[in-house]
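Undergrad: need coordinates for the below:
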Amino acid sequence: MTDVIDSGLADARVPAALASLLDAWLQRDGALAAIKDAASGRYEFANAALLRFLGREAEAVIGHTDAELFDAPVVGALRAADQSALLHGAPFSSEHRIERDGQRHDFSVLRIVDEQDGRRRIAALWIDLAPQRHQQTQLATALAQIEQLQKANESLRRELADQALRDPASGLYTRAHFEDQLRREVDLSTREHREFSIVFIELDPLADAVRAHGEAAHKRILEALGRLLRSGTRAMDASCRLDDRRFAVLLSGVGLATAHSRMESIRRQCASQIVVLDGQELTFTVSMGIASFPHTAHTREELLGACETAIAEARRRGGNHVTLAAIPFEPR
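TA: Model prediction:
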């Protein structure tokens with residue numbers, strides 16, 4: 001490297017210690033360094049890293065041109081970059097891809113043109129981009145993993161928050177959630193003049209054979225009813241457990257006729273549902289009362305009262321029945 005500095009590429013001789021330090025830095029980073037005569041394109045210097053890359057001894061490189069060392073496509077790209085560096089006069093950077101021994105190498109090459117004693121030389125520093133791009137790939141992978149972890153954490157947070165709002169026995173929402181959803185739906189429907197329905201559902205008295213199994217049978221029936229209500233309603237609806245025997249469903253944007261059709265389907269599914277416990281089949285039925293806003297009631301309290309009246313009528317008819325709340329007559 002000292003010979004290169006002494007060859008006239010700098011205005012003043014660089015101390016040998018500094019030249020050695022520069023050479024050590026190039027070796028540590030594996031940078032390839034070369035100097036060419038601008039007119040002939042022949043190499044006047046190649047450092048050890050470049051010689052190893054080319055797989056040649058110094059005498060097979062010094063005094064030779066790119067055409068003798070590289071394939072034709074590479075030679076054309078190197079020659080074009082050299083010409084651009086000569087035209088710019090300032091340091092010129094370019095990138096080159098070279099296939100060597102079945103491996104692809106990407107280099108960023110910085111060229112500096114020096115002119116002294118009527119001769120121009122091109123000094124080139126080749127930096128292998130593989131480590132940098134490997135780091136970029138690792139960083140991108142790490143960022144993707146962090147993003148996936150954040151999404152997983154957010155999903156878990158929502159799941160835990162949702163579980164806190166659900167009854168563990170039936171998997172339905174709790175009474176507090178139902179009350180909150182009902183308030184929101186009343187406000188929304190009042191502003192946008194849209195209707196919605198609520199349904200009260202109550203387990204009919206269980207048969208003696210079912211009651212004989214005690215709490216285990218009750219729990220199994222709650223699970224079955226919860227599954228039927230979740231599968232029979234939409235994501236925008238709210239199916240809730242109010243107490244030990246009472247359930248409620250809020251059907252957003254649904255009127256009485258549609259609500260009756262949907263609930264009648266669920267009632268039939270309940271009546272035909274077979275729950276197995278200890279090898280025995282358990283059956284159950286439900287009574288339902290439906291009221292809608294604003295057709296059967298104009299306030300939240302009136303709506304709940306109308307729904308209570310409707311489910312009481314369903315029970316009076318012997319259970320396993322869906323009853324609609326009456327629509328009050330309002331004279332003009």
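Undergrad: pretty sure residue 150 sits in a strand.
TA: No. Counting by DSSP: H, G, I helix; E, B strand; the rest coil, residue 150 is located in no strand; its state is helix.
Undergrad: wait, what's in contact with the nearest residue to residue 307 once chain neighbours are set aside?
TA: Nearest residue to residue 307, sequence neighbours excluded (CB to CB, 6 or more residues apart in numbering): residue 291, at 4.2 Å. For the C-beta atoms, the positions are set from N, CA and C on the backbone; glycine is no exception. Contacts for residue 291 (CB atoms under 8 Å, 6 or more residues apart in numbering) come out as 197, 198, 256, 297, 303, 304, 306, 307, 310, 324, 325.
Undergrad: which phi and psi does residue 291 have?
TA: When read as degrees, to the nearest 10, the backbone of residue 291 gives phi -130, psi 160.
Undergrad: state the distance from it to residue 196.
TA: Taking CB to CB, to the nearest Å as the measure, residue 291 and residue 196 are separated by 10 Å.
Undergrad: roughly how far is stretch 226-235 from the heart of the chain?
TA: Relative to its chain's centre, stretch 226-235 lies at 27 Å (CA atoms, centre = their mean, to the nearest Å).
Undergrad: who touches that stretch?
TA: Identification of contacts with stretch 226-235 by CB under 8 Å, 6+ apart yields 167, 169-172, 201, 239, 241, 247, 249, 251-252, 262, 265-266, 269-270, 273.
Undergrad: go again using 6 Å as the cut-off
TA: The contact list for stretch 226-235, computed with CB atoms under 6 Å, 6 or more residues apart in numbering, reads 170, 171, 172, 239, 266, 269.
Undergrad: which one of these sits closest to residue 149?
TA: In terms of CB to CB, no member of these lies closer to residue 149 than residue 171, at 27.8 Å.
Undergrad: mind listing what that closest one touches?
TA: residue 226 are the contacts of residue 171 under CB under 6 Å, 6+ apart.
Undergrad: make it 8 Å
TA: Counting by CB under 8 Å, 6+ apart, residue 171 touches 223, 226, 227, 230.
Undergrad: now the closest residue to the second one other than its chain neighbours: how far from residue 221?
TA: If I follow you right, that is residue 226. Spatial nearest neighbour of residue 226, chain neighbours left out: residue 170 (3.3 Å); criterion: CB to CB, 6+ apart. Remark: distance between residue 170 and residue 221 (CB to CB) = 9 Å.
Undergrad: do the same with residue 297
TA: Separation of residue 297 from residue 221 (CB to CB) stands at 31 Å.
Undergrad: one step back: can you redo the contacts of residue 291 as a markdown table with distance to residue 207, secondary structure and pLDDT?
TA: Below are those laid out as a markdown table (distance: CB to CB, whole Å; DSSP: H, G, I helix; E, B strand; the rest coil; pLDDT from 0 to 100):
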| residue | distance to residue 207 | secondary structure | pLDDT |
| --- | --- | --- | --- |
| 197 | 30 | strand | 94 |
| 198 | 29 | strand | 95 |
| 256 | 32 | helix | 91 |
| 297 | 35 | coil | 86 |
| 303 | 33 | helix | 92 |
| 304 | 30 | helix | 93 |
| 306 | 31 | helix | 94 |
| 307 | 27 | helix | 94 |
| 310 | 25 | helix | 95 |
| 324 | 27 | strand | 94 |
| 325 | 29 | coil | 92 |
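Undergrad: got a ChimeraX select line for the buried ones in those?
TA: The ChimeraX command for the buried members of those (criterion: 16 or more other CB atoms under 10 Å) is given here:
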select :197,198,256,297,303,304,306,307,310,324,325
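Undergrad: quick one: which of the contacts of residue 291 is nearest residue 153?
TA: residue 198 (35.4 Å).
Undergrad: for the closest one, give its distance to residue 284.
TA: From residue 198 across to residue 284, the span is 22 Å (CB to CB).
Undergrad: who wins for neighbours among the contacts of residue 171?
TA: Neighbour tally across the contacts of residue 171 (other CB atoms under 10 Å): the maximum, 19 neighbours, falls on residue 226.
Undergrad: is it true that that residue lies in a helix?
TA: Yes. The assignment for residue 226 is a helix, going by three-state DSSP.
Undergrad: need the per-residue pLDDT for the closest residue to residue 285 other than its chain neighbours.
TA: Excluding the flanking residues, the one nearest residue 285 by CB to CB, 6+ apart is residue 320, at 3.9 Å. The score at residue 320 is 95. That number is its pLDDT.
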